[in-house]
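[1] Make a model of this:
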Amino acid sequence: MKRLIVIIFLLPIYCFGQSADAYLQSGNAKANLKDYNGAIADFTKAISLSPRDANAYLYRANAYSNLNNNSAAIADFSKTLEINQGIVDAWHYRANAKSNNKDYQGAVEDFTRAITLQPNNAELYEYRGVAKANLNQNKEAIADYDIAVRIKPTDPKLIFYRANSKTNLNDHKGAIADYSIAIRLDPNNAEAWFYRANAESNIKQYAPAVADYLKAAELNPKLPELYHYLANAQSNMGESKSAVDFFTKAILASPNKAELYMGRAIAQGNADDNDAALADYSKAVKLNPKYDEAYQNRADLRVKIKDFKAAVSDADTALRINPKNGYGYVSRAKAKLGSRDSVGALADFANAIRITPTANYAYLGSGDIKAGQKRYQEAIDFYNKSIEVFAQNADAYLHRAAAKAAMGNTEGSFADYKKAIDVIPQNNDLYIEYAKMLIAAGRSRQALEVLNNGIAINPKNVIFYSLRGVAKSQLGDNIGAIDDHDDAIKMSPNSSEAYMNRGNSYMALKEYDKALEDLNKAIVLNDANDEAYLSRGDLKVAKKEYNGAIYDYINVLLLNPKNFKAYAKRGLAESYTGDIAAMNKDFDMAIKMAPANEAVYVARSNARINLKDWNGAIADLSKIISLNPQNARAYLNRGTIKAERGDKTGACVDLNKAATFGSSEAMAAINKWCM
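    I've put the predicted structure just below:
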């Protein structure tokens, strides 16, 4: 809100002596000279002489406002309105004072009262819009800006504010259109150029963003984070070298401008030239020892190279220089996380959010800490906020997906993976992780679709073919799976994972000798591949070599004590050796480690089927279905047990579900039991 201008009225010359009017005239004269304390003293005397004079309270309130004593101002504006509710300025200026005190809801209410008295005052709609934006009511703010623009269509400030609210709603195209109008009306508004560049970057229009950042730098080279965003935009265009070259040329022209060294340092860091980046950050702070952004960005670089102690020191310096540098807290939090100080990191993220409520990384980092503490709902709450601040935040979707999976919310987890892919459709790793989760959940058809999309984007990614083979095996197409595994091995002859996956497909075809050859090759290529030992253990179970399987599962746990599947599968093997006590102990451990993972219950249901514990098996299969309502194998097994126990109605419901979700074996069972 702009500073209030004290209202000065020329009072009649004949008002002399100690009358209230004389004190009002004297107070206004002092206020005009910016002697606000003297003005307040005179207005107070006027009030003592004429305690029902609304103007005296109004003038004193204005003087308090100019001294930033908003609470006293609000009290006087309230007294003015108690005497006369028809004074528009009292509603207006009390609203401003409330905004300055961060009582935005109260401000909105006062602006609304003022608007009822002056419905054609564009400034009132403008300021009410700002108050609503501060309440994160951006749609409502835009409605107010629209009215203000209709009244004053050539006011660039109104259109600029509207663009900001559109940005907050992630309407980046609408924001760009408004920033463009604001720039046309006021070409010297550096922030409009800067924010338009940010909006362009958010929709990956990096070339126009770079041009806008450069224009912003020309108009105001000291805009916070300007050079950081410029360097990032150039790097996202694959032009880190161009960014370095730009800053180098600029430095030749202005060798003592600290901002240019910082900009080049950011570009060098993006190009992984860390030594050069450190040197430039150091040059920047040498030229300007009070340059908090340079210290803060150097802290980020030091986090990247794992020099956490120095990173904390740089962030401390940035915050000493500027305690309101919210990103300084983020940088220090990241450094503390690197030093395993999660308590300190969480406190710093909280400070970052307090100072900069739009710092999405602070929400993301806080969520990661909570997830690490297994406080998944709290983690999800932070991830939600991160996404609310920046809807294109792929990392927030991915981290939220993991938290949801840990809570057993499989559907929510998959939805978040899909959103992450929608945000970054060229990121191979997203397709891979999503496909792995779908495969683990038995959703092979969906996994196949995801992997086909990945191959369309990058037909040379060996992992896509290897995983597609796994998905095909799950769907019973083991011949097609072998073809994909063969392609993967041709593309990457030393891929332990490709041999492991082909071995699994041979196992499904009951070609056990070929399966063993491939799994042994996978282990030779990577003797730390715990999943290959796990698969070889599964092969030995299939060959009824239960003790050999148990030894392979022990190897898995030696390599990775957190591999809960090894406990579960060892429990299954022990069900065949008759070591029931060991079996129960292993399943208890697996469930303790992964209480919401369906693979554990799959193994225990199979063990219970082996032991003819039908009720226990049905309980486990029902648990699997509650965790993953589309697990075809669980429906098939539960339906088969029900059929064999005489519950044909329940069996046929389950068998039809299994067929719906892609089980090729379900039709044979339906023909046997349900026709």
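
[2] ranges for the helices of the stretch 351-500 of the chain?
    In the stretch 351-500 of the chain, helices defined by DSSP state H, counting those that start in this stretch lie at 360-372, 376-389, 394-406, 410-423, 428-440, 444-457, 462-474, 478-491, 496-508, listed in chain order.

[3] nearest to Ile624, of those?
    Each of the helices of the stretch 351-500 of the chain has some distance to Ile624 by C-beta to C-beta; the shortest is helix 410-423, at 10.7 Å. (Glycine included, C-beta is placed from N, CA and C.)

[4] Please name every helix or strand in contact with the closest one.
    With contacts defined as 3 or more C-beta pairs under 8 Å, 6 or more residues apart in numbering; DSSP states H and E, the packing partners of helix 410-423 are helix 394-406, helix 428-440.

[5] Worst mean pLDDT among the ones you listed?
    Taking each of the helices and strands packed on helix 410-423 in turn, the lowest mean pLDDT turns up on helix 428-440, with a mean of 85.

[6] ok so, going back, kindly reformat the helices and strands packed on helix 410-423 as JSON lines and extend each row with distance to Asn606 and mean neighbour count.
    Putting the helices and strands packed on helix 410-423 into JSON lines (distance: least, C-beta to C-beta, whole Å; neighbours: other C-beta atoms under 10 Å) gives the following:
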{"stretch": "helix 394-406", "distance to Asn606": "22", "mean neighbour count": "23"}
{"stretch": "helix 428-440", "distance to Asn606": "16", "mean neighbour count": "20"}
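
[7] Distance check, Lys173 against Gln205.
    Between Lys173 and Gln205 the distance is 10 Å, computed by C-beta to C-beta, to the nearest Å.

[8] If you could redo that for Thr649, that was the one I meant.
    Taking C-beta to C-beta as the measure, Thr649 and Gln205 are separated by 59 Å.

[9] Of those two, which one has the most company?
    With other C-beta atoms under 10 Å as the criterion, Thr649 and Gln205 differ in neighbour count, and Gln205 comes out ahead with 17 against 10.

[10] Please enumerate the strands of this protein.
    For the chain, strands defined by DSSP state E do not occur.

[11] Centroid-nearest residue for it?
    Taking C-alpha atoms, centre = their mean as the criterion, Ala396 is the residue nearest the geometric centre of the chain, at 3.2 Å.

[12] That one touches Asn360, doesn't it?
    Yes. With the criterion set as C-beta atoms under 8 Å, Ala396 and Asn360 qualify as a contacting pair; they are 7.1 Å apart.

[13] so where's this structure shaky on pLDDT?
    In the predicted model, the chain carries pLDDT under 70 at residues 1-18.

[14] ok, 80 please
    Confidence mapping of the chain against pLDDT under 80 gives the ranges 1-18, 224-225, 228, 232, 235-240, 253, 392, 423-424, 426-427, 441-442.

[15] if I pick Ile183, what's in contact with it?
    Contacts here follow C-beta atoms under 8 Å, 6 or more residues apart in numbering; on that basis Ile183 touches Pro156, Asn189, Ala192, Trp193, Arg196.

[16] What is the burial count for the fourth one?
    Read that as Trp193. Counted with other C-beta under 10 Å, the burial measure for Trp193 works out to 25 neighbours.

[17] Not counting sequence-adjacent ones, nearest residue to it?
    In space, and not counting its chain neighbours, Trp193 is closest to Ala216: 4.1 Å by C-beta to C-beta, 6 or more residues apart in numbering.

[18] Check Asn555 too.
    Closest residue to Asn555 in three dimensions, ignoring its sequence neighbours and counting by C-beta to C-beta, 6+ apart: Tyr533, at 4.5 Å.

[19] Leu58 now?
    Closest residue in space to Leu58, ignoring its immediate chain neighbours: Thr80 at 4.6 Å, by C-beta to C-beta, 6+ apart.

[20] wait, doesn't that neighbour sit right on Tyr59?
    No. Assessed by C-beta under 8 Å, Thr80 is found out of contact with Tyr59, at 9.3 Å.

[21] Now do the contacts for Pro224.
    If you count contacts by C-beta under 8 Å, 6+ apart, Pro224 has them with Glu293.

[22] what about it, distance to Ala190?
    11 Å.

[23] And for Leu509?
    Applying C-beta to C-beta, one obtains 67 Å for the distance of Leu509 from Ala190.

[24] How about Val108?
    As it turns out, when the distance is counted by C-beta to C-beta, Val108 lies 29 Å from Ala190.

[25] Neighbour count: these two, which is higher?
    Remark: of Val108 and Ala190, Val108 carries more neighbours, 24 against 17, as counted by other C-beta under 10 Å.

[26] how close does the residue lying closest to the more buried one once chain neighbours are set aside get to Leu475?
    Residue nearest to Val108 in three dimensions, not counting chain neighbours: Ala131, with 4.9 Å by C-beta to C-beta, 6+ apart. With distances defined as C-beta to C-beta, the gap from Ala131 to Leu475 amounts to 57 Å.

[27] the more surrounded of the two?
    The residue with more neighbours, out of Ala131 and Leu475 and counting by other C-beta under 10 Å, is Ala131; that gives 27 against 17.

[28] The more buried one and Glu109 touch, don't they?
    No. Using C-beta under 8 Å, Ala131 and Glu109 do not qualify as a contacting pair, with a distance of 9.4 Å.

[29] Give me the common contacts of the two.
    Jointly contacting Ala131 and Glu109 under the rule C-beta under 8 Å, 6+ apart are Ala95.

[30] To what extent is the nearest residue to Ala294 once chain neighbours are set aside buried, counted in neighbours?
    With C-beta to C-beta, 6+ apart as the criterion, Ala294 has its nearest non-adjacent residue at 4.1 Å, and that residue is Ala284. Ala284 is surrounded by 26 other residues when neighbours are defined as other C-beta under 10 Å.

[31] Kindly report the same for Ser65.
    Residues within reach of Ser65, counting by other C-beta under 10 Å, total 25.

[32] tell me the contacts of the residue nearest to it when sequence neighbours are not counted?
    With C-beta to C-beta, 6+ apart as the measure, Ala73 is the residue that lies nearest to Ser65, at 4.3 Å, once sequence neighbours are left out. Listed by C-beta under 8 Å, 6+ apart, the contact set of Ala73 reads Ala61, Asn62, Tyr64, Ser65, Tyr93, Arg94, Ala97.

[33] again, but for Ala528
    Shown here is Ala528, whose contacts under the criterion C-beta under 8 Å, 6+ apart are Leu559.

[34] how near is it to Lys304?
    Shown here: Ala528 relative to Lys304, a distance of 26 Å by C-beta to C-beta.

[35] residues contacting the residue nearest to Asp654 when sequence neighbours are not counted?
    Taking C-beta to C-beta, 6+ apart as the measure, Asp654 lies nearest to Gly639, with 3.1 Å between them; neighbours along the chain are not counted. If you count contacts by C-beta under 8 Å, 6+ apart, Gly639 has them with Gly650, Ala651, Cys652, Val653, Asp654, Leu655, Lys657, Ala658, Ala666, Ala669, Trp673.
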